[in-house]
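1. mind looking at a prediction? Sequence and model below.
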Amino acid sequence: MDIAILAGGYGTRLKGLWDGPKCLMPYQGRPVIEHIVNKALELKPRKIFLLLGYQASKVVAWREACCPHRYVVPIIETEPKGTAAAIRNALPLMKSPLLVLNGDTVPYYDLLSEFIAAYDDGTRRNITAWADGVHAGASLFGAYTMFKIEESKANDLNLFIYGTDVKHVRVSGFLDVGTPEGFHKAQQS
């Protein structure tokens, strides 16, 4: 499978708390993106695409210094237009199934045993991770949905997801560092 990590947001909810890319915020002594990439690498993907926008050069510098894996590929949008648009822009490089992870959300759950196994339950429907009634920063799409994203005009991936046949998988939890509460929790870890 291929993995796309959405790491291009402005971090508007963190104004005054953090001014860099959210994915580079420290958590347990390392940038959040490093935790996410390490979880993704456990799945032995074909490629991991870092979909970047805001301050992309800082994330690229981190990747070159700390994550030299040749199959971690940065893709920079010069004019960010939203999460679905970022995926649509990179789709020609991606193969299905496609696991999409939020670059500001650290999964506490095991991506393989708690989440991806649900995709192989015979239905192969799109799946999203949920914890406590909230999207937990992971979605898995098959080829048909990737095609629908490509022809869609949607900019927000979450709005696009809700218009598809989605199976919600309950997972044990996550930390969203893109919120003020999550930011403070990450700083205490």
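-> Thanks, I have the structure now.

2. what residues sit buried inside stretch 140-149?
-> Within stretch 140-149, the residues that qualify as buried are 140-141, 145-146, 149, counting by 16 or more other CB atoms under 10 Å. Heads up, the C-betas are built off the backbone N, CA and C, glycines and all.

3. same check, this time on stretch 158-169
-> 160-161, 164, 166, 169.

4. in the protein, which helix or strand is least confident?
-> Here the helix or strand of the chain ranked lowest by mean pLDDT, DSSP states H and E is helix 157-161, holding a mean of 77.

5. just checking, what packs against it?
-> With contacts taken as 3 or more CB pairs under 8 Å, 6 or more residues apart in numbering; DSSP states H and E, helix 157-161 sits against helix 83-90, strand 134-141, helix 143-151.

6. and the ones you listed: which comes nearest residue 98?
-> Across the helices and strands packed on helix 157-161, residue 98 has its closest neighbour in strand 134-141 (4.9 Å, CB to CB).

7. same for the closest one, what does it pack against?
-> By 3+ CB pairs under 8 Å, 6+ apart, strand 134-141 packs against strand 98-102, strand 105-107, strand 126-131, helix 157-161, strand 174-176.

8. where among these is average confidence lowest?
-> For those, mean pLDDT drops lowest on helix 157-161, to a mean of 77.
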